[in-house]
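J.: below are the sequence and a predicted model for it; my questions follow.
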Amino acid sequence: MSSPGGQGGALSTRGAAGPRRMKWALELSLGNTRGRGDRQSKDGDVMYPVGYSDKPVPDTSVQETDRNLVEKRCWDIALGPLKQIPMNLFIMYMSGNTISIFPIMMVCMMAWRPIQALMSISATFKLLESSSQQWLQGFVYLIGNLLGSALAVYKCQSMGLLPTHSSDWLAFIEPPQRLEIMGGGMML
Amino acid sequence: MAGLCSVFSVCLCLLGFSAAVFEDQVGKFDWRQQFVGKVQFALFDTHSQASKKLLVATEKNIFASLNSRTGDLFWRHVDKTGPDGHIDTLMMHGQDAVVVVGNGRLLRSWETTVGGLNWETVLDTGSFQSAAYIGVQDVVRYVAVLKKSAISLHYLSNGHQKWVENLPESDTVQYQTVYSGGNGQVFVLGVVPNSHIVIVEYNIEDGEIMKQKSVAAPWLSSLQSSCVMVGSGVLLCADPTTKSLYTFPLQSADQTTMTPILLESLGVEVAAGFQPVLISTQPHPARPPLSEFFLQLGPDYHILLQLKDGLVSTLRDFNPSYLVAFATTGEKTVAAVMSPKNETASVINLYSADTGRRLLDTTIIYSMDPNGGKPAKLYIHAFLKKDDSVGYRVLVQTEDLVLTFLQQPGRVVWSREEALADVVTMEMVDLPLTGTQAELEGEFGKKADGLLPMVLKRLSSQFILLQAWMSHLWKLFYDARKPRSHVKNEVTFETLSRDEFNLQKMMVMVTASGKLFGIDSKSGTVLWKQYLENIQPNSVFKLMVQRTTAHFPHPPQCTLLVKDKDTGLGSLYVFNPIFGKKSHISVPALPRPILQSLLLPLMDQDYSKVLLLIDDQYKVTAFPSTKNVLQQLQEMASSIFFYLVDSSQGRLSGFRLRKDLSTELIWEVVIPTEVQKIVGVKGKRANEHVHSQGRVMGDRSVLYKYLNPNLLAVVTESTDSHQERSFVGIFLIDGVTGRIVHEAVQRKARGPVHFVHSENWVVYVYWNTKSRRNEFSVLELFEGMELYNSTVFSSLDRPRPPQVLQQSYIFPSPISTLEATLTEKGITSRHLLVGLPSGAIMSLPKMFLDPRRPEVASDQSREENLIPYSPEMPIRTEWFINYNQTVSRVRGIYTAPSGLESTCLVVAYGLDIYQTRVYPSKQFDVLKDDYDYVLISSVLLGLFFATMISKRLAEVKLLNRAWR
């Protein structure tokens, strides 16, 4: 779209506007004439002035309000995991401690999301690069995710999925080796 | 509400435990064989020509009818064991058989076609002497029963007593024989030993004594062993000292002495020291006996004699001859004589009884089993052929209790192994691998000898495998074309190999008669048998597997220790359990009486376990005793202990082995015999594995089991049998240190006590004399919430005593035997196998015998799946693993693990043998029989193809989109 001379135009004169009654018309709209439904007009009818671009040129000058916006946006990212915790707590409470497919799925999601976030933490840090409180935000983000995974672990614990009892390791205890050999019986 | 909940949870638990089989599983993996035991009386039904019945009464107190064409049982009546059910005599007339049972306690008449009871009469007390049919004018009307001091006459039609008379002077005279010639008199013969014979004649109608006389016979001690009735009322006796026969006509009015006939005058010689035996026959009970009789003069020497007009003449001389028998068909009586032919065969011939002439074409050749015993008894079934000549079949019983039924010219119609009715002990041995599997084993077993030979060996064994697989495929294809019934699956030594789950094993059975059997556990076929001669009737047997099949190319090896109870001397018989062949290994001589044996887990370089034999001086003999073994024993000596239990002195003693193979006494426990006697002691089974070292509690902590491999359970019974004071005691003793870990006394209880000792529990059953019921009691031992030493177990280092829990339950039936299931790794839950006197075998979940069953169910106990305590133990018919295949007089149950963890092989033996499999935790490692392979595989294939097709379609679509 960088070629400015190609199509469209702000002004067009129609010489052969037979059925029309007006002698001349000013086209003030930008862009494609298709939008107006005028099928007769051909491409190349509209001529742009040299140097015209139909894309607005971004305003690169940094303003104070924008900086605030960036900060705000970065804090949003950093506080995201923490904000999810109440919701997670509610889900945890609702799903109960029974071992069935739905609570297990919930727990898996709850555990997986923070882990995923922690794994892609460098990408998140890149996002936060522009912020002045980058390290604080990163720390908050980390804390939030850790809290989330701690919550998942707590949920696992309350569901009894963690091998924290001696009975969970019972199956791995080898039978003790016997030191004495003994036999005998009633006198034959 | 809580009660309802608990009932519901119990029901839920019960749902999981049905051990019964489905209808289509009947006979799929179980079989039963029925036996009768050693035959005492055998009679052929000669009532009609087409009859196939053979009636037998046996020493096992069994009265049965066999099909003489197939050898199968028509019916069988199992009476009480012991003298109460002993069959004193069996007589047959027409369709009915008369039996006297229990030393003259009962007189019974049986209908022989279906085995129904016609009538039964209780006889007066008195020890039974003899019984006879009494006929009047060719019709048998009565049966006379002679007791020690009385004679009674009963109607044959209904068993009512016609009359009963006391015998004169019965305190001095031993009355032994009753005889009737069919002409209206009843003679009772008695003897005053070494003095005279008493003859009393009774009137049939009213029991009045008609005549009474005594005949001097100072040489005679017993009528039954040396006298018979011959001809028309002539008493014939044999005297070994003067080597002569004596005759006396009963009806003679004037004769008062017996007429002697010297055997030398007949031209025959009696073997030195041999008691001559007379054999006569009475073809019809209402007619006098024949005047021909056999006289046995030596172990292998018989002659056929005839008594005519008071004179004895020789008809024929049979030397040598093993066995003789008379048989009658129609009006003809024949004599069958078995005489030796060569080393391995005998020949049976038929002779006319009245002339002694040999009948033509009547030879039967009886070939003897080289691993069997000599023929002991001969029964003849004679019949008239169409051309009026006499045909016959013979039933031979040998010393090793094989019943063989033969017909001309020596074809074995059937044979039965009746020794199996008395199995003493058994073991199950894994079958060997097939040739190809063994080849592979051999490849890895041998030592490496270079790279190239190894590669070549590998290639060749792979080729052999391929070949075997091809031939297997070909066989499958070949068999598939034949109808199913034609495909034979006979088991022979060639086809004998281990199946993939090791479910088929070799059952090695030792019987009381000294015969060993190798039986295929899948089909019940006897694959080998070996009769050990010179085994005393009350010997003790102990069977040990010294080397299993796992050590190819060394053959498996079993050792049988036989101990003679009288002399105390033991002997070892070493054999290959798969083929039954005696091993050529030299067996140590055992000059001293053997007290006990001990199979060590040590192995010599040939992988055979070491057997220690302890003699009466507490010295130890090792077998095998190679240098390697002796060295190992010296190294291990300080950790080898053994215990001996002397029940007669109530002493338990523990010994430790010294390096020079002598022993030292290290502990002794004496249980005073005046108060109680030791009835049983059991350790744990050597091949038992316990997977879980503890039990998980409701709060998810662990209660560790007290798994002492050296623990012994000793059961005692009080000598005082008064119902208020009798008790049953149980001691748990550590066999290494002699420490009494626990003792419990069950007051007001009486034996017989059956008990099982396994893992960390002991279950025992006793009779509660106060409440008059059978009770189960279970003891469980726990170490506590912490293990003392989790790596090694030493009895010498156990500072803390275990916690013991006990609970008892009421069982609504008496029991005959008790055993626990056993699996490969011990993961599967345990069941108790209870043999009931009714013949059923019940698989009772151990879960019901758990001392932790709470009285009130709590959340924690529910978490643990504990059933709330209820004193009554149920008997559910679906727990009977042998559905209607009852096992009579079950005496023992043997359990063996299979290759599948879920499956336990069970053999119940007693009078019958029953083999089956049990799945205590259901078949968790096997797909079900009705698993839908077709559906599952078609779904999988369908999904696979759908994936392939959709992948292709997706590719095409992507390509098209890229082009657009």
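T.: Right, received. Where do you want to start? Residues are numbered from 1 along each chain as shown, chains lettered A, B, ... in the order given.

J.: which strands and helices sit next to the helix ranked longest in chain A?
T.: Counting residues, the longest helix in chain A under DSSP state H turns out to be helix A:64-95. The elements that helix A:64-95 packs onto, with contact taken as 3 or more Cβ pairs under 8 Å, 6 or more residues apart in numbering or on different chains; DSSP states H and E, are helix A:101-119, helix A:121-127, helix A:134-159. C-beta: built from backbone N, CA, C; applies to glycine.

J.: which of the ones you listed has the lowest mean pLDDT?
T.: Mean pLDDT per stretch puts helix A:121-127 lowest among the helices and strands packed on helix A:64-95, at a mean of 84.

J.: before we move on, back to that, measure how the longest helix of chain A sits relative to helix A:134-159, angle-wise.
T.: Counting by axes from the mean of the first three to the mean of the last three Cα atoms, to 10 degrees, helix A:64-95 points 10 degrees away from the direction of helix A:134-159.

J.: and helix A:64-95, how far out from the chain middle?
T.: Relative to the centre of its chain, helix A:64-95 is centred 12 Å away, using Cα atoms, centre = their mean, to the nearest Å.

J.: how about stretch B:64-72?
T.: Relative to the centre of its chain, stretch B:64-72 is centred 20 Å away, using Cα atoms, centre = their mean.

J.: could you work out the end-to-end span of that stretch for me?
T.: 10 Å (Cα to Cα, to the nearest Å).

J.: which stretches of chain B have low pLDDT?
T.: For chain B, applying pLDDT under 70 flags the ranges B:1-19, B:435-449, B:482-494.

J.: where along it do the helices fall?
T.: B:2-15, B:223-226, B:435-445, B:451-481, B:627-636, B:859-863, B:933-963.

J.: which residues does B:Ile730 bridge with?
T.: Going by DSSP bridges, B:Ile730 is paired in beta bridges with B:Val715, B:Ala744.

J.: pretty sure it contacts B:Ala744?
T.: Yes: counting by Cβ atoms under 8 Å, B:Ala744 is a contact partner of B:Ile730 at 5.0 Å.

J.: find residues that contact each of the two.
T.: B:Leu779 (Cβ atoms under 8 Å, 6 or more residues apart in numbering or on different chains).

J.: between these two, which has more neighbouring residues?
T.: For B:Ile730 versus B:Ala744, the count of surrounding residues by other Cβ atoms under 10 Å in any protein chain shown is larger for B:Ile730: 23 against 15.

J.: spit out the contact partners of the more buried one.
T.: So B:Ile730 contacts B:713-716, B:743-746, B:755, B:762, B:764, B:779 (Cβ under 8 Å, 6+ apart).

J.: relative to B:Ser313, how far out is B:Gln306?
T.: For B:Gln306, the distance to B:Ser313 (Cβ to Cβ, to the nearest Å) stands at 5 Å.

J.: those two: who's more crowded?
T.: The residue with more neighbours, out of B:Gln306 and B:Ser313, is B:Gln306; 20 against 10, by other Cβ under 10 Å.

J.: who does the top strand by length along chain B pair up with?
T.: In chain B, with assignment by DSSP state E, the single longest strand is strand B:773-784. Partners of strand B:773-784 in the sheet, by DSSP bridges, are strand B:702-705 (antiparallel), strand B:761-768 (antiparallel), strand B:803-811 (antiparallel).

J.: could I get the CA-only coordinates of the second one as CSV?
T.: So that's strand B:761-768. The C-alpha trace of strand B:761-768 is given here as CSV (Å, rounded to 0.1, in the frame of the first residue of the first chain):
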residue,chain,number,x,y,z
TRP,B,761,-1.6,-64.3,61.4
VAL,B,762,-2.7,-67.6,62.8
VAL,B,763,-6.3,-68.9,62.3
TYR,B,764,-7.5,-71.8,64.3
VAL,B,765,-10.8,-73.7,64.6
TYR,B,766,-12.0,-75.5,67.7
TRP,B,767,-15.1,-76.8,69.3
ASN,B,768,-16.6,-74.6,72.0
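
J.: my guess is B:Gln275 meets B:Ser225, correct?
T.: Yes: shown here, B:Gln275 and B:Ser225 form a contact pair, counting by Cβ under 8 Å, at 7.1 Å.

J.: ok, back up a step: can you mark which positions in the longest helix of chain A are buried?
T.: Residues A:74-75, A:77-78, A:81, A:84, A:88, A:91-92, A:95 are the ones in helix A:64-95 that count as buried (16 or more other Cβ atoms under 10 Å in any protein chain shown).

J.: what average pLDDT does it get?
T.: On average, helix A:64-95 scores 85.

J.: how about the residues of chain A by chain B?
T.: A:160, A:165-168, A:170-171, A:173-188 (Cβ under 8 Å from any Cβ of the partner chain).

J.: kindly give a single PyMOL line that selects the buried subset of the residues you listed.
T.: This is the PyMOL syntax for the buried subset of these, where burial follows 16+ other Cβ under 10 Å:
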select buried, chain A and resi 166+167+170+173+176+178+180+181+182+183+184+185+186+187+188
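
J.: find the nearest non-adjacent residue to B:Val114, please.
T.: Of all residues not flanking B:Val114 in the chain, B:Trp75 sits nearest, at 6.9 Å (Cβ to Cβ, 6 or more residues apart in numbering or on different chains).

J.: for the one you found, list the residues it contacts.
T.: Contacts for B:Trp75 were tallied using Cβ under 8 Å, 6+ apart; they are B:64-65, B:114-115.

J.: I'd say B:Thr241 and B:Trp219 touch.
T.: Yes: here B:Thr241 reaches B:Trp219: they are 6.0 Å apart, a contact under Cβ under 8 Å.

J.: looking at those two, which one has more neighbours?
T.: B:Trp219 (15 against 6).

J.: from B:Gln161, how far out is the more buried one?
T.: To B:Gln161, B:Trp219 is 37 Å away according to Cβ to Cβ.

J.: show me the contacts for B:Thr895.
T.: Taking Cβ under 8 Å, 6+ apart as the test, what B:Thr895 contacts is B:819-822, B:833, B:904-907.

J.: please identify which of the residues you listed is nearest to chain A.
T.: Lowest distance from chain A to the contacts of B:Thr895 (Cβ to the nearest Cβ) belongs to B:Leu822, with 15.6 Å.

J.: where's the closest one relative to B:Tyr764, distance?
T.: In this view, B:Leu822 and B:Tyr764 are 19 Å apart by Cβ to Cβ.

J.: ok, these two, which is more surrounded?
T.: Set B:Leu822 next to B:Tyr764 and count neighbours by other Cβ under 10 Å: B:Tyr764 wins out with 25 against 22.

J.: closest to B:Leu958 among the buried residues of helix A:64-95?
T.: Using Cβ to Cβ, A:Ile77 comes nearest to B:Leu958 of the buried residues of helix A:64-95, at 35.7 Å.

J.: and the longest strand of chain B, what's buried?
T.: Buried residues in strand B:773-784 (16+ other Cβ under 10 Å): B:774-783.
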